[in-house]
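# structure for this input, please:
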Amino acid sequence: MNLHDLSPAPGSRRKPKRLGIGIGSGHGKTAGKGHKGQKARSGRSVSPYFEGGQMPLSRRIPKRGFSNFRFSANYQTVNVKDLEAKFDAGAVITPSELHLHRLVQDPESPVKILGDGDLSRSFTVRANAFSASAKNKIEGAGGKAEVI
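Presented below is the predicted three-dimensional model:
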């Protein structure tokens, strides 16, 4: 087999739509853009909130109150049953270890351990937060729950 023998599977690559190639093609004249106007011009892009120059709805409506959402801590959560499944007895579990075992996506973001499931092995778990039930289960199995 050589490089020049390779070709895509039949039907896997569709030919591009050829616009503006005569009236018989069905895509001639205006090339599927309709007649005139902002959306028929080149480089057309109108944001979904643009209302033709009219004051947009998001600016017409009065704003009230305060939201604390952007200041809240967004924890990545892990249940104790997942720790039981992925780690051996006596393991020291940190956010980076959880990331290696694909239990959290980002080792730098805060991690909270939740109490769903049962523990039969003892672990030393280091996380940013623990639910009360998770802490009881970890310590009940002879492990330690350490807040980072």
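
# would you list the phi and psi of K39?
Geometry field for K39 lists phi and psi as phi -80, psi -10, criterion degrees, to the nearest 10.

# wait, it touches K33, no?
Yes: assessed by Cβ atoms under 8 Å, K39 is found in contact with K33 at 6.8 Å. The C-beta positions use only the backbone N, C-alpha and C, and glycine is treated the same way.

# show residues contacting stretch 112-123.
If you take Cβ atoms under 8 Å, 6 or more residues apart in numbering as the criterion, stretch 112-123 is touched by 75-84, 87-93, 125, 127-138, 140-145.

# could you say which helix or strand contains S120?
Using DSSP states H and E, S120 is not contained in any helix or strand.

# burial of it, as a residue count?
8 (other Cβ atoms under 10 Å).

# next helix or strand past the longest helix belonging to the chain?
What stands out as the longest helix in the chain, according to DSSP state H, is helix 132-140. Downstream of helix 132-140, the next assigned helix or strand under DSSP H and E is strand 144-147.

# which parts of that following strand are buried?
Within strand 144-147, the residues that count as buried by 16 or more other Cβ atoms under 10 Å are A145.

# so R126 is in which element?
strand 124-127.

# which residues touch the most centrally placed residue in the chain?
With distances taken as Cα atoms, centre = their mean, the chain has Q105 as the residue nearest its mean C-alpha position (9.8 Å). Contacts for Q105 (Cβ under 8 Å, 6+ apart) come out as 76, 99.
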